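Peer 1: Let me see the structure of the following:
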Amino acid sequence: MSGSDDGRTVGRMLRVAVPVLLLEASLTVAAKAALAEPGDTAALLDVVTHPLPLATWLGAVLLAATVVVLPTVWLSEHMAGRFGGRADLWVPAVAAAGATLPVLPRALSGGSGPTDTVGAWLTAWVVLTVAALVTRRAGGARGGRRSMMTAGG
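Peer 2: Next up, the predicted model:
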C-alpha cells in the first residue's frame, strides 16, 4: 500500500494539471464573454458548447500541461536545488520565462500592439504560475528540493 502512493508520477501530475488548466481556460472564456460586445459572445461560447472545438481544446490543454506546466514544475525544483530556496518561490520566475512560449508568436506578428501582447503575457504568466503551483502541491511534492528523478518517475 505504501509503494505507489508515496512517489510522484507524470500521470498524477497530469491528472491535476489538465483540470486546473481547463478551469482557468473556462474562467478566461467566461470573462471574455462578459466583457465582449453583444454579438461576439456567441463565437466565444461555441468553444465550450460544440463537441469538435471542445475535443480540440482538450488536446491542446493536455499538450500545454505536458509541454509547459510539467517542465515549469521540474525546472523550479531544479532551480531550488541548485540555487537554494523553496521550489514554490521559483515557480513564478520560471513561469515568467515559460509564459513567453505561447505569447511569442503574438508578439512577433504585426497585428498586435504592445498592450495586447503585455496583457496576453500577464494572463499566460498567471495561468502558468497557478497551474504549476497547484500541480506541484497536488502531485505529491513534500520538500522544497525533491525532484522528479528522485521521485521514481
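
Peer 1: Against which helices or strands is whichever strand or helix holds Ala131 packed?
Peer 2: Using DSSP states H and E, Ala131 falls within helix 114-138. In this structure, helix 114-138 makes packing contacts with helix 10-35, helix 70-83, helix 87-98, helix 100-108, judged by 3 or more CB pairs under 8 Å, 6 or more residues apart in numbering; DSSP states H and E. For every residue, glycine as well, the C-beta is placed using N, CA and C.

Peer 1: Go through those helices and name the closest to Trp57.
Peer 2: helix 10-35 (6.9 Å; CB to CB).

Peer 1: in that closest one, what counts as buried?
Peer 2: Going by neighbour count (16 or more other CB atoms under 10 Å), the buried part of helix 10-35 is 12-14, 16-18, 20-21, 24-25, 29, 33.

Peer 1: contacting residues for the residue nearest the centre of the chain?
Peer 2: For the chain, the residue nearest the mean C-alpha position is Leu128 (3.6 Å; CA atoms, centre = their mean). Shown in contact with Leu128 (CB atoms under 8 Å, 6 or more residues apart in numbering): 68-69, 72, 95, 98-99.
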